[in-house]
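**Student:** With the input below, show me the fold.
(4 chains)
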Number of protein chains: 4
Amino acid sequence: MKKKLAILGAGRIGQVHAKAIAGNETAELAAVFDPLHEAAQAVTERFGGKIADIDSIVNDSTIDAVILCTPTDMHADQIELFAQNGKAIFCEKPIDLDATRVRACLTIVQQTNATLMVGFNRRYDTHFMALKEAIANGQIGRPEMGVITSRDPAAPPADYIRRSGGIFRDMMIHDIDMAVFLMGDLPVSVMATGGVLTDPEIAQLDDYDSATAILKWADGRQVSISNSRRAVYGYDQRIEIHGSEGMVQAYNERPVNIETATAKGYQRAPLHDFFMTRYVGAYANEIDAFIHAISNGDSTIPSGRDGLNALLIADGALESAKTGKAVPLIFD
Amino acid sequence: MKKKLAILGAGRIGQVHAKAIAGNETAELAAVFDPLHEAAQAVTERFGGKIADIDSIVNDSTIDAVILCTPTDMHADQIELFAQNGKAIFCEKPIDLDATRVRACLTIVQQTNATLMVGFNRRYDTHFMALKEAIANGQIGRPEMGVITSRDPAAPPADYIRRSGGIFRDMMIHDIDMAVFLMGDLPVSVMATGGVLTDPEIAQLDDYDSATAILKWADGRQVSISNSRRAVYGYDQRIEIHGSEGMVQAYNERPVNIETATAKGYQRAPLHDFFMTRYVGAYANEIDAFIHAISNGDSTIPSGRDGLNALLIADGALESAKTGKAVPLIFD
Amino acid sequence: MKKKLAILGAGRIGQVHAKAIAGNETAELAAVFDPLHEAAQAVTERFGGKIADIDSIVNDSTIDAVILCTPTDMHADQIELFAQNGKAIFCEKPIDLDATRVRACLTIVQQTNATLMVGFNRRYDTHFMALKEAIANGQIGRPEMGVITSRDPAAPPADYIRRSGGIFRDMMIHDIDMAVFLMGDLPVSVMATGGVLTDPEIAQLDDYDSATAILKWADGRQVSISNSRRAVYGYDQRIEIHGSEGMVQAYNERPVNIETATAKGYQRAPLHDFFMTRYVGAYANEIDAFIHAISNGDSTIPSGRDGLNALLIADGALESAKTGKAVPLIFD
Amino acid sequence: MKKKLAILGAGRIGQVHAKAIAGNETAELAAVFDPLHEAAQAVTERFGGKIADIDSIVNDSTIDAVILCTPTDMHADQIELFAQNGKAIFCEKPIDLDATRVRACLTIVQQTNATLMVGFNRRYDTHFMALKEAIANGQIGRPEMGVITSRDPAAPPADYIRRSGGIFRDMMIHDIDMAVFLMGDLPVSVMATGGVLTDPEIAQLDDYDSATAILKWADGRQVSISNSRRAVYGYDQRIEIHGSEGMVQAYNERPVNIETATAKGYQRAPLHDFFMTRYVGAYANEIDAFIHAISNGDSTIPSGRDGLNALLIADGALESAKTGKAVPLIFD
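**Tutor:** Predicted structure coming up:
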């Protein structure tokens, strides 16, 4: 029987997940909640399901799982609510910007034995999955050094930055999670620095738009991450892992593989200009993985614990940027 | 109101088109015919619509269009049947292996004022569309010389070759259509040659597995096409057009853009190993284009005439390979 | 003891060869002839040797070999002269534009047992040598199909074209020699066509500026060659050979391997804009190979026979372009 | 008149410089010193000049300049000696492993008004020069973030590491100099970490074989550097600079630009396996630049000051790796 899912939050990302559910043969969209009626309606008209409020979703025993696309500050409460009411939960990252709150939330999840998956979509990107598989297959020997380059096309609006938790918790956290995922275990310390190069308003918000970090593992392995909020040539997402027997690189995805040559030289198009087009496949894959996990009783990856770990490292990076000291990382 | 489509032939390609219809918001799959009941049923269960026989599709006034995925030798008759009964028709290439039969069929299409689109899917491949657009935008000036390299992973079974019309009509015809499409008008002559390099049985079938051709235009422009039925590294599909102001190349599509470096060097994965995975997007795009055309009353591209033209050039190439002479091309 | 070489013709290519001799530890430049005293002087001042006339070179028993960089119509006479006087000869291609004259000349070379090497420099290009080696190592199995794309930055002056023998004997002959070299033996027929796309004056000279040819081998193997006299993005030189076990491609040489990305996209510089910069290494390598051969008594590659064979194929291509028929190739 | 140069130290790098002098039309090799007579002799026989001791070079008023290829611990003394005797000096990096000693040496250089150039050869690599030029031309706007990846094929022998000053002063110092060169001014702090991943003996020498650093500029700009002593796929040297208007990347140099495709996928050869083959052009270019500078009275780049600055940053990186703190950088 098809798994029935409800979506909370019918905005941009909620629509993406609704489409993924509609495209999955083993699941269906049962209900959509959004405080904005029109937003919920647009999704149900296109992808099915009924419009519902949160209570009715909680109380609908036919609903197996919820997809939380609500504002970040509601995530932890909603996770707890649905965990306590027997629903499996997929939550967009982050669970909360405050690690203490995340810990409390994960305690409830554990006590209720609820299923929780966190939306680090990049783990489900085809290119990065292939990179992970190359490592897992032993093609590069033991993974030792990583270089992650991740740049956004343009900084988000000041209002978003104000609520985002800052570049480390909002942007670099994705790269941090990839570093942990690809290296296979948790680092022991982080050094980082940041600067404001694109927009002075970001400095006034006490944030950075450009940041670099080094994660270090107990045995001396290292991953460096370079972030910028502004890349005029598009959304730049590259990862390389260097190991004892070789290296593997994920280049940027290029939707169209053509090149033009004129008197000025050879030209290829800019990169994707938006994370949602770049990761459209990854979003669908992660929802498929969530549905597969709840259908088969498998553990969900990335887990709530993975989300907390990445947040703790991001917090450490921010602290390092503020203090100029390497910050030791302690995980629960 | 959604356009209602019927599919005739629920095999491999019929399923692909059914999925494309299901994914198109302005259309729905109304009926599926296949002499094998189970095949039709598998499609309707997954993508909707009812199982039907040909007569009932002909007579169902709510059905707007048919998608013909039947064996080639049925195409012309079915086109005529549906044209005479007011249905729009999408027909997998070729209309027929015999140009005379195609001409007769197109006459009926014209007399009945029917809409007919032929399935040269490559015109709807993202990469080749971008290449066409670069030419249309004037990026390379006037297109003058083309080099098309097209290789299959492996030769089809002898039984298929026996009915396919041979390498020129079955395989090179796609490249010929692309040459005409990209250069913008019809060539005046063709030279070609062929050889049997992969499997002696192909020689016994009086066919080739490797062929090269040169199309020439009235003003001296030229396109060369190199075909092989066997490329161990995958399905190789490249096009370049050289013009007065530059060149544009479509490289192979690579589903995963990673590269591994070891002591042996740098490695990338082989290419797609199957035309249906390589052109999965193109198949969906062409059905979308067909639905869009019948919804808006636009002309369908490629048309039946395009199909005939490509066949006439393929026939000329075969004649040239047999006679060792350039064959002048005459279009109706 | 160092081999003593004389250069006849101190123009552009003579200077290149003088530099190569100066850089070779086992040879020295002994004499330079040029009807223009200043030209000869410039070379001797920079690379050593004395200014000499042809007679004194012929009669100087200390001179081992001559490098002929004189006008084409002097080549055959000078080869015969030096062959009869015991000098080893390196001759820029072609020996002569007329195959009958070449045959007569090679007869003298054979009778005198002279050493003759012909300047098809591309056989000594690093990239193409690596491609040849990949084939020789069996990396692609048996070489079966070739695609050669060769475009000049701009057409030479009309005066040059008038004396060059035309696009097939002047330009495509290089690609023809590479096809023979890489496939490993001689083809049995050639089909070709040509057009005038860049400059109407070329038509008045009864030549083409754009040409395509198909060489065919007795067992069905095929190589296609696409030539243009005008590529605004530079000197485009690519070869690919497809075989039973794989394919090998030589991409263009790029002197600087950088790429810039801006809002307009990714940009690389145009290609080399001149054959002498593109093949600077090949020119040095071929002179080194000549010196090595005469020092060790090895046979010279490419030989006079290789030069004749390529000319016969070029002649066949021209005939095919004129007659529209495949031309069978007969080698002595 | 040609500049007369003496080389001190006829080892591997001395031979490279001797060849560069021999190939420069405006200079000649006048003298060679090496404690090993045979080593000096081998160089003079091949590239000219006489064998000499240091005193006679000091006292030979016809000698314009010296090239110091002696062991590092002799550099500072020899620079002072030749500075006081009116010779221009090219010194292989580093001047000394101890910054205090370097400062004292540079004071002498300044007092004697001597010309001193330090051998950071990468500034003269064609690819990196093109990258620098792209920045200088404004192609990427203001350079803001850098990512430098630099890996050796294999760790040097323990004995070398013992005298090298460690990975930061020996290896990363090159990347540090490139960062300063490309960003255009000096950073204000450095964070770094290191690990031992390839050979435990390196840990016993109190060194690292893998290191990462972040340089930071006063205005917030950042460059990250990732180093490994062991890359099985060759000598990996890549630089990218990201700016306000774009990014420029220098990819690895590939001596042969061919790619093979087989059933296993696409293969390119490993990278250069040795820094001297990778940077053969850069070595010649830097000697040419030195000769040009002393011939024209231009300032030498990189200067002794550039050498000191890079050393101070490397020292800071080492301190940061030991203390876990960002180290502020103070330049004289």
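**Student:** Would you map the helices across chain A?
**Tutor:** A:12-22, A:37-47, A:54-59, A:72-84, A:99-112, A:126-136, A:158-164, A:167, A:173-183, A:200-204, A:275-278, A:280-296, A:304-323 (DSSP state H).
**Student:** Include mean neighbour count and mean pLDDT when you put these into TSV, please.
**Tutor:** All C-beta atoms are positioned from the backbone trio N, CA, C, and that covers glycine. Listed next are the helices of chain A as TSV, based on neighbours: other C-beta atoms under 10 Å in any protein chain shown; pLDDT from 0 to 100:
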stretch	mean neighbour count	mean pLDDT
helix A:12-22	21	94
helix A:37-47	16	95
helix A:54-59	15	97
helix A:72-84	20	97
helix A:99-112	17	98
helix A:126-136	20	98
helix A:158-164	14	89
helix A:167	28	97
helix A:173-183	24	98
helix A:200-204	14	94
helix A:275-278	16	92
helix A:280-296	19	96
helix A:304-323	22	98
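**Student:** Please convert the ones you listed to JSON lines, extending it with distance to C:Phe331.
**Tutor:** Below are the helices of chain A laid out as JSON lines (distance: least, C-beta to C-beta, whole Å):
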{"stretch": "helix A:12-22", "distance to C:Phe331": "65"}
{"stretch": "helix A:37-47", "distance to C:Phe331": "70"}
{"stretch": "helix A:54-59", "distance to C:Phe331": "83"}
{"stretch": "helix A:72-84", "distance to C:Phe331": "78"}
{"stretch": "helix A:99-112", "distance to C:Phe331": "80"}
{"stretch": "helix A:126-136", "distance to C:Phe331": "50"}
{"stretch": "helix A:158-164", "distance to C:Phe331": "74"}
{"stretch": "helix A:167", "distance to C:Phe331": "71"}
{"stretch": "helix A:173-183", "distance to C:Phe331": "59"}
{"stretch": "helix A:200-204", "distance to C:Phe331": "74"}
{"stretch": "helix A:275-278", "distance to C:Phe331": "57"}
{"stretch": "helix A:280-296", "distance to C:Phe331": "56"}
{"stretch": "helix A:304-323", "distance to C:Phe331": "70"}
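**Student:** Pull the contacting residues for A:Gly14.
**Tutor:** Residues near A:Gly14 by C-beta atoms under 8 Å, 6 or more residues apart in numbering or on different chains: A:7-8, A:32, A:34, A:39, A:43, A:67, A:69.
**Student:** Likewise for A:Gln267?
**Tutor:** By C-beta under 8 Å, 6+ apart, A:Gln267 lies in contact with A:259-261, C:264-267.
**Student:** can you do 10 Å?
**Tutor:** A:258-261, B:134, B:139, B:246, B:248, C:233, C:264-268 (C-beta atoms under 10 Å, 6 or more residues apart in numbering or on different chains).
**Student:** Of those, just the buried ones, PyMOL syntax please.
**Tutor:** Those of the contacts of A:Gln267 that count as buried under 16 or more other C-beta atoms under 10 Å in any protein chain shown are selected in PyMOL with:
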select buried, (chain A and resi 258+259+260+261) or (chain B and resi 134+139+246+248) or (chain C and resi 233+265+266+267+268)
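**Student:** burial count for whichever residue of the stretch 51-200 of chain A sits closest to chain D?
**Tutor:** Of all residues in the stretch 51-200 of chain A, A:Gly195 sits closest to chain D, at 2.2 Å by C-beta to the nearest C-beta. By other C-beta atoms under 10 Å in any protein chain shown, 23 other residues sit near A:Gly195.
**Student:** need the residues of chain A near chain C, please.
**Tutor:** Residues of chain A lying close to chain C by C-beta under 10 Å from any C-beta of the partner chain are A:153, A:231-234, A:236, A:252, A:254, A:259-271, A:273.
**Student:** One more pass at 8 Å, please.
**Tutor:** With the criterion set to C-beta under 8 Å from any C-beta of the partner chain, chain A comes near chain C through A:231-234, A:261-271.
**Student:** Farthest-apart pair in those residues, please.
**Tutor:** By the measure C-beta to C-beta, A:Ala231 and A:Ala263 form the most distant pair in those, at 26.8 Å.
**Student:** Those two: who's more crowded?
**Tutor:** A:Ala231 (24 against 13).
**Student:** Got phi/psi on that one?
**Tutor:** phi -130, psi 110 (degrees, to the nearest 10).
**Student:** related to what we said a few turns ago, just the contacts of A:Gln267: which are in strands?
**Tutor:** A:258-261, B:246, B:248, C:265-268 (DSSP state E).
**Student:** how does chain A divide into domains?
**Tutor:** A:3-114, A:123-281+A:310-328 (automatic domain parsing).
**Student:** How far away from the center of its chain is the shortest one?
**Tutor:** What that stands for is domain A:3-114. On the basis of C-alpha atoms, centre = their mean, to the nearest Å, domain A:3-114 sits 16 Å off its chain's mean C-alpha point.
**Student:** how near is A:Asp96 to B:Gln222?
**Tutor:** Computed as C-beta to C-beta, to the nearest Å, the A:Asp96 to B:Gln222 distance reads 65 Å.
**Student:** ditto for A:Ala213
**Tutor:** Relative to B:Gln222, and taking C-beta to C-beta, A:Ala213 is found at 55 Å.
**Student:** thinking A:Ser140 is in contact with A:Gln249, fair?
**Tutor:** Heads up, residue A:140 is Ile, not Ser. No. If you go by C-beta atoms under 8 Å, A:Ile140 and A:Gln249 don't touch, sitting 10.2 Å apart.
**Student:** who has more neighbours, these two?
**Tutor:** A:Ile140 (24 against 19).
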